[in-house]
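In: following is a predicted model, sequence given first.
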Amino acid sequence: MKNQSRRSFLLGLATFLGVAATWSGLFGSLVQSSLAAPAKGKDVPLPAGETEVTTADVVANAIGYNPDSTKVDVKSNPTFKKGQDCSSCALYTKTNESWGKCQMIQVGLVRSHGWCRSYNKKA
Ligand code: SF4
């Protein structure tokens, strides 16, 4: 009897851990894809031969580049104002609807709806 309840417990635990791991994997994928997902409209693919600027870029990291301006932490970025993004920044040169070149960052393209602390509204 004792062995049977122990076996039931272990079987239940293994099932629970399996379900938890599956949900964790699914949830992790959803969170990751939502971070990479565009904030506005439909994302136009990165032009052929171009690379995406990520926060791994030293300059992008230093200026606090966020590929999604709707997810900017306003507490640590008090200069951020809702509606600001790369597409309305004077340092941005549009490549297509979703991507453009930032004068601050040497390599790669930033997202049109990204934002960083060097934002400078176009005149
Ligand atoms: S400087 Fe302007 S274009 Fe460059 S990342 Fe910052 S907000 Fe975007």
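Out: Okay, I see it. Numbers count the residues shown, from 1 in each chain.
In: beta partners for residue 121?
Out: Applying DSSP bridges to residue 121 yields these beta-bridge partners: residue 89.
In: for this protein, which segments count as strands?
Out: Under the criterion DSSP state E, the chain carries strands at the ranges 92-94, 99-102, 110-111.
In: now do the last one, average pLDDT.
Out: This means strand 110-111. Model confidence over strand 110-111 averages 98 on the pLDDT scale.
In: now the longest one
Out: Throughout strand 99-102, pLDDT has a mean value of 98.
In: equivalent analysis for stretch 54-63, please.
Out: The predicted model gives stretch 54-63 an average pLDDT of 95.
In: hmm, back to that, of the strands of the chain, which is nearest residue 55?
Out: strand 110-111 (11.1 Å; C-beta to C-beta). (C-beta placed from N, C-alpha, C; glycine too.)
In: tell me which strands that closest one pairs with, and in which orientation.
Out: Each strand paired with strand 110-111, and its direction, by DSSP bridges: strand 99-102 (antiparallel).
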